[in-house]
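Novice: What follows is a predicted protein model with its sequence.
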Amino acid sequence: MEKNKKLISDLKNISGEEFLIISEWKKEPYCKGWRYGKGDALAVVKPGTLLEFWKILKVCIKSDVIIIMQAANTGLTGGSTPYGNNYDRPIVIINTMRINDIQIIDKGKQIIGLAGSTLYELEKKLKPIDREPHSVIGSTSIGASIVGGVCNNSGGSLVKRGPAYTELALYARVKENGELELINDLGINLGSKEEDILNNLENSNYNEGDIIHSEKLASDNKYSQIIRQIDSSTPSRFNSDSRLLYGASGSAGKIAVFAVRLDTYPMPKRNKVFYLGSNDVDIFWKIRRDILSKFKTLPTAGDYLHRDCYDAAKKYSKDTFIVIDKLGTSFLPTLFKLKRKVDLLSEKINFLPDKLSDKLMQFLSNFYPNHLPNRMEKFRDKYEHHWVIEMSDDGIEEAQEYFADFFNVKEGDYFECTKKEARKAVLHRFVAASAIGRYHSLNENTTGGMLSMDIAFPRNEKNWFEKLPTEINCLLDKKFYYGHLFCHVMHLNYIVKKGVDPIILKEKLLNTYNVRGAEYPAEHNVGHEYEAKSSLKTFYKKLDPNNIFNPGIGGTSKKKQWK
């Protein structure tokens with residue numbers, strides 16, 4: 001079409017030919033989700049400045065195309081790629097990873113992250129001034145973006161900090177009349193014209209006097225109180241929580257975000273990791289309630305791992321563990337990019353097996369000796385349920401005294417990790433997230449589909465460990481359970497038996513969660529994997545009345561103007 005050719009030409013003039021991708025082969029890594037979702041796009045364009053970003057938006061709006069915003073494309077629910085090919089307009093993916101500057105303000109107490117800045121780079125930048133970002137493991141390690149975390153209400157595993165949230169952002173939206181507008185809610189005086197605002201921000205052309213210190217939040221300031229409310233019949237955090245839907249926060253790609261302003265956190269002076277084991281789920285239920293209601297200092301993190309998931313991670317996530325342990329998290333984004341390229345190549349060459357990277361990495365990992373500490377392995381043999389709890393500063397002594405008294409009379413046991421054990425315990429729990437995907441890749445000929453559910457259970461839920469009805473349980477080949485036990489967010493991963501329809505089974509599983517008063521998704525975006533609740537749909541429509549950005553998200557309409 002002539003119209004599409006004109007658009008391609010305009011995009012090329014703005015970004016340069018090198019950063020406009022139109023070949024099918026080169027577009028594929030941007031058109032296919034990290035774990036979920038795939039579809040066609042007319043072009044992928046990668047602006048290098050905020051002003052280029054703005055100009056690209058203008059020509060896309062003028063050409064009446066769909067815009068899908070994308071940063072690192074590390075989402076787990078397919079929310080930053082096309083999903084299928086049943087859209088009513090061509091799609092342009094705007095990938096923002098070249099716009100990666102991070103600006104430190106207010107003596108390090110806050111930062112401004114531009115559109116493609118990453119959590120990993122933020123962690124590096126804050127370390128010399130003894131500050132931390134919102135997330136310190138998980139999304140950080142796979143190269144996820146700062147803006148992506150805010151837009152997706154990403155949860156993270158830290159007990160003291162809620163989902164990524166800010167009321168301070170610079171973003172563009174399309175009004176009902178079709179006009180593109182730039183909204184400066186960043187709380188910084190940057191000028192009145194769009195080009196001035198964007199250039200002044202990118203070039204740090206502002207001073208302390210231009211920064212407005214208002215009552216607008218740059219983090220979730222209530223979460224540490226909410227998580228302590230152990231008798232509440234509602235979950236502590238979940239994606240569609242209307243309390244945390246504001247501008248860029250929770251926007252799920254329904255606007256174009258140029259920058260966000262976020263709080264940072266003091267780095268603890270001391271840390272200690274405790275490794276707990278038990279065969280009685282009520283033991284962990286009791287510990288959770290005691291710590292949240294009685295401790296003066298909340299834990300830094302507290303991640304649960306079932307024995308079956310422990311075993312799966314030991315076998316199927318061994319290579320990822322070794323890479324991080326030996327080379328550091330900085331190499332992980334490179335590894336995932338390489339892995340993606342190998343898999344795309346194997347899809348194109350007939351004699352190569354599908355999921356070649358998984359099969360190759362799994363084969364090589366078999367030659368490496370056992371990588372887990374002896375004390376963890378002994379707990380694996382002795383206990384079904386494992387809990388890695390990290391305390392900091394004054395909380396360390398509280399925990400030492402409590403666990404010594406508690407396990408003196410109760411079933412189960414604990415040990416205080418050495419620095420090496422602590423690193424490996426936390427890392428083992430982190431890499432467990434990739435075990436189900438690897439297991440499914442290696443066994444897809446003998447099993448059915450894969451379901452990964454992200455569920456937030458009520459804070460007063462006593463029966464936190466899932467016991468499925470027989471009629472559902474008999475349809476499953478494997479179950480891998482892990483989660484953030486203090487906030488009752490559980491990641492329930494299932495491999496279904498061959499011949500079982502995973503879509504029908506998913507509905508049955510969701511019904512069991514509904515009966516228990518759960519919310520979902522808990523810490524990931526709805527993407528194309530979950531149905532958005534009515535409050536979330538209303539929020540999306542308010543942000544994007546013409547349905548130009550990321551249509552179809554959360555099971556909504558893909559049609560223009562939400563038809």
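Specialist: On my side now, so go ahead. Numbering: from 1, shown residues only.
Novice: And the contacts of stretch 104-114?
Specialist: Contacts with stretch 104-114, where a contact means Cβ atoms under 8 Å, 6 or more residues apart in numbering, come from 50, 99-103, 122, 125-126, 129, 131, 133, 145-147, 186, 188, 201-202, 208, 211, 213, 218, 258-264. Every C-beta, even on glycine, is put in place using the N, C-alpha and C of the backbone.
Novice: Now go through these and say which are in helices.
Specialist: L50, L122, K125, L126, I146, V147, L201, E202 (DSSP state H).
Novice: want to try a markdown table for these, with pLDDT, distance to E523 and neighbour count as columns?
Specialist: Putting the ones in helices among the contacts of stretch 104-114 into a markdown table (pLDDT from 0 to 100; distance: Cβ to Cβ, whole Å; neighbours: other Cβ atoms under 10 Å) gives the following:
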| residue | pLDDT | distance to E523 | neighbour count |
| --- | --- | --- | --- |
| L50 | 98 | 29 | 26 |
| L122 | 93 | 19 | 25 |
| K125 | 95 | 24 | 18 |
| L126 | 95 | 22 | 20 |
| I146 | 93 | 16 | 32 |
| V147 | 95 | 17 | 30 |
| L201 | 98 | 29 | 23 |
| E202 | 97 | 31 | 19 |
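Novice: With distance to I111 added, can I get these in TSV?
Specialist: Below are the ones in helices among the contacts of stretch 104-114 laid out as TSV (distance: Cβ to Cβ, whole Å):
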residue	distance to I111
L50	16
L122	6
K125	8
L126	8
I146	8
V147	12
L201	13
E202	15
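Novice: Can you tell me which of these is nearest L364?
Specialist: L122 (32.2 Å; Cβ to Cβ).
Novice: if I look at that closest one, how far off is Y265?
Specialist: Relative to Y265, L122 is positioned 12 Å away (Cβ to Cβ, to the nearest Å).
Novice: do S434 as well
Specialist: 27 Å.
Novice: got the contact list for the closest residue to A301 other than its chain neighbours?
Specialist: If the residues on either side of it in the chain are set aside, A301 comes closest to E390, at 4.6 Å by Cβ to Cβ, 6 or more residues apart in numbering. When contacts are counted by Cβ under 8 Å, 6+ apart, E390 touches N271, K272, V273, F274, P299, T300, A301, G302, A422, V426.
Novice: Just the ones of the residues you listed in strands?
Specialist: Mapping the contacts of E390 onto strands (DSSP state E) picks out N271, K272, V273, F274, A301, G302.
Novice: Reformat those residues as JSON lines; add distance to D501 and neighbour count.
Specialist: JSON lines is the format used below for the ones in strands among the contacts of E390 (distance: Cβ to Cβ, whole Å; neighbours: other Cβ atoms under 10 Å):
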{"residue": "N271", "distance to D501": "46", "neighbour count": "16"}
{"residue": "K272", "distance to D501": "47", "neighbour count": "20"}
{"residue": "V273", "distance to D501": "42", "neighbour count": "22"}
{"residue": "F274", "distance to D501": "43", "neighbour count": "22"}
{"residue": "A301", "distance to D501": "37", "neighbour count": "23"}
{"residue": "G302", "distance to D501": "36", "neighbour count": "26"}
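Novice: coming back round to it: spit out the residues that contact L122 and Y265 alike.
Specialist: P133.
Novice: Out of S434 and Y265, name the residue with the larger neighbour count.
Specialist: Ranked by neighbour count (other Cβ atoms under 10 Å), S434 and Y265 place S434 first, with 20 against 16.
Novice: so that one touches K318, yeah?
Specialist: No. Counting by Cβ atoms under 8 Å, S434 stays clear of K318, with 10.4 Å between them.
Novice: returning to what we had before: nearest to I61 among the ones in strands among the contacts of E390?
Specialist: A301 (42.6 Å).
Novice: send the alpha carbons of stretch 418-426 over as CSV?
Specialist: The C-alpha coordinates for stretch 418-426 follow below in CSV (Å, rounded to 0.1, in the frame of the first residue of the first chain):
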residue,chain,number,x,y,z
THR,A,418,27.2,-18.3,55.1
LYS,A,419,27.7,-15.6,52.5
LYS,A,420,28.3,-18.3,49.8
GLU,A,421,25.2,-20.3,50.9
ALA,A,422,23.1,-17.2,51.0
ARG,A,423,24.1,-16.2,47.4
LYS,A,424,23.3,-19.7,46.2
ALA,A,425,20.0,-20.1,48.1
VAL,A,426,18.7,-16.8,46.7
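Novice: got the contact list for P82?
Specialist: Taking Cβ under 8 Å, 6+ apart, one finds C31, G37, K38, G39, D40, A41, I68, I91, I93 in contact with P82.
Novice: Could you do L360 as well?
Specialist: So L360 contacts V342 (Cβ under 8 Å, 6+ apart).
Novice: And for I322?
Specialist: Here I322 is in contact with S365, Y368, H371 (Cβ under 8 Å, 6+ apart).
Novice: The same query, at a cut-off of 10 Å, please.
Specialist: For I322, the contact set (Cβ atoms under 10 Å, 6 or more residues apart in numbering) comprises M361, L364, S365, Y368, H371, L427, V431.
Novice: Which residue ranges of the stretch 151-300 of the chain form strands?
Specialist: Taking DSSP state E, counting those that start in this stretch to define them, one finds strands in the stretch 151-300 of the chain at 169-174, 180-184, 256-263, 265-266, 271-278.
Novice: next one: the stretch 351-500 of the chain
Specialist: With DSSP E, counting those that start in this stretch as the criterion, the stretch 351-500 of the chain has strands spanning 385-392, 413-416, 450-456, 476-484, 489-496.
Novice: for the shortest one, which positions count as buried?
Specialist: Buried residues in strand 413-416, defined by neighbour count with 16 or more other Cβ atoms under 10 Å: Y414, F415.
Novice: So what's the model's average confidence on that strand?
Specialist: In this model, strand 413-416 has an average pLDDT of 98.
Novice: mean confidence for stretch 341-357?
Specialist: Mean predicted lDDT for stretch 341-357 stands at 74.
Novice: let me redo that: stretch 451-466
Specialist: On average, stretch 451-466 scores 96.
Novice: next one: stretch 150-159
Specialist: 86.
Novice: Distance from it to the middle of the chain?
Specialist: 7 Å (Cα atoms, centre = their mean, to the nearest Å).
Novice: End to end on it, go ahead and measure it.
Specialist: 17 Å (Cα to Cα, to the nearest Å).
Novice: Could you do stretch 83-95 as well?
Specialist: 16 Å.
Novice: How far off centre is it?
Specialist: 22 Å.
Novice: ditto for stretch 431-449
Specialist: That offset, for stretch 431-449, works out to 20 Å (Cα atoms, centre = their mean).
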